[in-house]
Every structure is written in structure tokens, then in C-alpha cells.
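Peer 1: kindly return the folded structure for what I paste below:
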Amino acid sequence: SISVLEEALGIRLLNRTTRSVAPTEAGQRLLEQLKPALHEIRTAIDDLNQLRESPSGAVRINAPGPAVDHILCPLALRFMESYPEVSVEIISDAAIIDIVEQGFDAGVRFGKQLAQDMIAMPLGPPLRYAIVASPDYLHKNGRPALPHDLMKHNCIRRRFPGGTMATWRFAKDAEELEISPQGRLTLSSAHQELQAALAGSGIAHLFEDYVRDYVEQGKLSELLADWKQKLPSWYLYYPNRRHTSAAVRAFLDHVRNYKWT
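Peer 2: Next up is the predicted model:
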């Protein structure tokens with residue numbers, strides 16, 4: 001089809017080799033100019049989905065790992081049971097990206113700090129971090145009584161994709177404080193931090209959902225529980241468009257009506 005179009009226009013739109021195909025300058029320019037029309041075509045075709053008994057299509061979501069592990073995966077499984085003709089793709093990524101440019105239908109971020117052209121809805125209950133360590137680590141190094149005591153301990157630090165280091169925040173009564181933990185081990189995912197804490201490598205700062213079972217089993221001990229700060233929930237955000245696919249609309253309705261336990 002592209003070859004026929006190139007012959008009709010009298011200009012090459014694609015550079016072809018045995019290993020790759022890429023737009024020429026003319027092809028890229030044409031694609032940019034046709035994007036609004038192509039979007040309208042996709043929307044018109046998708047609108048026909050409303051005539052079907054059940055929506056079909058795909059939903060692509062970008063979200064940080066903790067939101068995927070404890071919120072999105074359980075929710076998506078329930079959704080797909082109700083809509084067997086809709087497929088769901090979830091990309092675990094903590095970096096701040098342009099979801100529209102990257103081809104996602106929705107994204108998940110912590111708190112309601114979103115661009116003005118996005119609509120946001122709460123996704124799950126409010127969050128809390130827990131400070132945990134293994135009984136073996138505490139036996140060897142003692143138990144911190146106050147947040148500032150953590151500065152004397154080997155803390156498991158987190159580096160975000162952008163390069164910044166996570167800080168640990170605390171609140172008790174009217175007092176709030178923030179520390180930059182120190183430690184020999186720096187990781188980039190909650191799963192890694194959990195494994196390091198279980199191995200006795202230091203004190204970890206993790207969402208409660210990751211550690212609850214291990215604390216109940218006695219494999220980890222929670223520290224400074226009276227300094228635990230209540231945080232906003234995750235938020236699902238999506239473009240403020242007049243036309244949204246039937247599959248995405250079904251997913252958004254599913255989120256709105258989901259009963260969080």
C-alpha cells in the first residue's frame with residue numbers, strides 16, 4: 001500500500017534496507033500532518049464498538065511497580081474477566097513520561113500532581129510507608145527509638161530512575177520531619193529492598209503492602225510505627241479527550257465502581 005502511495009505521489013516515503021524500514025523526511029512530514037485524520041479514523045472505527053454486546057480492543061497503562069503489584073494487577077484481572085474481548089498491557093515504570101506521546105491510554109502516579117490536560121481519579125486507598133528490619137539486624141545493631149536515630153543505622157536506600165535519592169518522611173502529632181538515609185546498599189526497586197531487609201542487610205522503607213505478611217510472620221519487625229505518615233493514594237490519570245475508545249471507557253468505569261478492601 002505504501003509503494004502504491006509512493007508511486008502516486010512520485011516521492012519516496014520509506015527508506016528500506018534488508019534489516020530495517022524507517023520514514024524518509026517526506027514520509028515523516030506526511031505522517032505528522034495526517035495524525036489528526038488518522039486519530040479521527042481510529043475513533044470512528046472504535047465508535048462502532050458501541051454497537052457490540054461487549055467492548056473490544058486494548059488498554060495500555062504506564063505505572064510504577066508498587067501500584068502495579070498491589071493495585072493494577074488485581075484490578076486488571078477482574079476487569080478482563082468481565083470484558084473477555086479487551087486486552088490489557090501494563091508497563092511498570094517509575095519515570096515521569098508523556099503517556100500520550102508514548103502511546104499509553106492511562107498512567108498511574110503518586111498523588112494528584114498531573115498536567116492540566118489530564119483527568120485524574122483516586123486508585124485505591126491512602127498509602128502508608130513502613131520502616132522495617134529483620135530481627136537479626138536489630139539484635140546486632142539495636143532498635144531506633146526516633147527517626148533521627150536512623151542516621152546511625154545502615155539504611156537501604158532507593159535511587160529513582162531520574163537519579164534522585166528517596167528521602168524518608170515522618171509525622172507525629174503536629175511534628176513532621178524528613179531525613180536522607182545513609183547506608184552502604186542502594187537499590188532501585190521495592191522487591192530488591194524487601195529481599196535485602198529479609199536478609200538482614202539493613203533497615204528498609206517500603207509500602208505497607210509489601211511487608212504486612214512478613215511482619216505478621218515475624219520475619220520483619222516494624223519500627224517507628226507511631227511516626228507513620230498517611231499519604232495520598234495512587235491516582236489513575238488519562239487525557240482529557242472528547243473521544244475515548246470503548247475499551248478504555250469500560251476500564252475507567254471499572255475503576256470507578258471497584259470496591260477497594
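
Peer 1: which ones are touching the residue sitting nearest the centre point of the chain?
Peer 2: Closest residue to the average C-alpha location of the chain: Ala63 at 1.5 Å, with CA atoms, centre = their mean. Contacts here follow CB atoms under 8 Å, 6 or more residues apart in numbering; on that basis Ala63 touches 72, 90-93, 107-108, 234. (C-beta placed from N, C-alpha, C; glycine too.)

Peer 1: and it, what pLDDT?
Peer 2: Ala63 carries a pLDDT value of 92.

Peer 1: before we move on, what about Arg109?
Peer 2: On the pLDDT scale, Arg109 gets 87.

Peer 1: quickly find the element holding it.
Peer 2: Element membership for Arg109, per DSSP states H and E: strand 106-110.

Peer 1: would you list the contacts of Ala63 in CSV and tack on distance to Pro161 and secondary structure?
Peer 2: Listed next are the contacts of Ala63 as CSV, based on distance: CB to CB, whole Å; DSSP: H, G, I helix; E, B strand; the rest coil:
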residue, distance to Pro161, secondary structure
Leu72, 18, helix
Ile90, 17, strand
Ile91, 13, strand
Ser92, 11, strand
Asp93, 8, coil
Gly107, 14, strand
Val108, 15, strand
Trp234, 17, strand
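
Peer 1: quick one: which of those is most hemmed in?
Peer 2: Gly107 (27 neighbours; other CB atoms under 10 Å).

Peer 1: verify the stated contact: it with Leu123.
Peer 2: No: using CB atoms under 8 Å, Gly107 is not in contact with Leu123, being 10.5 Å away.

Peer 1: overlap of the contact sets of those two?
Peer 2: Between them, Gly107 and Leu123 share these contacting residues under CB under 8 Å, 6+ apart: Leu236.

Peer 1: and Ser189, how many residues sit next to it?
Peer 2: 14.

Peer 1: err, Asn154, not the other one
Peer 2: Neighbours of Asn154 (other CB under 10 Å): 18.

Peer 1: pLDDT wise, what is it at?
Peer 2: 97.

Peer 1: from Gly218, how far out is the closest residue to it other than its chain neighbours?
Peer 2: What sits nearest to Asn154 in space, not counting adjacent residues and going by CB to CB, 6 or more residues apart in numbering, is Gly202, at 4.1 Å. Gly202 sits 18 Å away from Gly218, going by CB to CB, to the nearest Å.

Peer 1: do the same with Cys73
Peer 2: In terms of CB to CB, Cys73 sits 27 Å off from Gly218.

Peer 1: again, but for Tyr129
Peer 2: Noted for Tyr129: a distance of 20 Å to Gly218, by CB to CB.

Peer 1: so between Gly202 and Gly218, which is more surrounded?
Peer 2: Neighbour count, other CB under 10 Å: between Gly202 and Gly218, Gly202 has more, with 21 against 9.

Peer 1: quick one: the helices in the stretch 51-200 of the chain?
Peer 2: For the stretch 51-200 of the chain, the helices defined by DSSP state H, counting those that start in this stretch occupy 65-67, 73-82, 135-141, 190-198.

Peer 1: could you dump those to a markdown table with distance to Ala26 and mean neighbour count?
Peer 2: Output for these, formatted as a markdown table (distance: least, CB to CB, whole Å; neighbours: other CB atoms under 10 Å):
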| stretch | distance to Ala26 | mean neighbour count |
| --- | --- | --- |
| helix 65-67 | 41 | 21 |
| helix 73-82 | 41 | 14 |
| helix 135-141 | 63 | 14 |
| helix 190-198 | 47 | 19 |
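
Peer 1: report how many residues lie close to Leu38.
Peer 2: That count, for Leu38 with other CB under 10 Å as the rule, works out to 10.

Peer 1: sec struct for it, please.
Peer 2: helix (DSSP: H, G, I helix; E, B strand; the rest coil).

Peer 1: just checking, Ala197 touches Leu220?
Peer 2: Yes: in this structure, Ala197 is within contact of Leu220 by CB under 8 Å, at 6.2 Å.

Peer 1: shared neighbours of those two, anything?
Peer 2: 132-134, 211.
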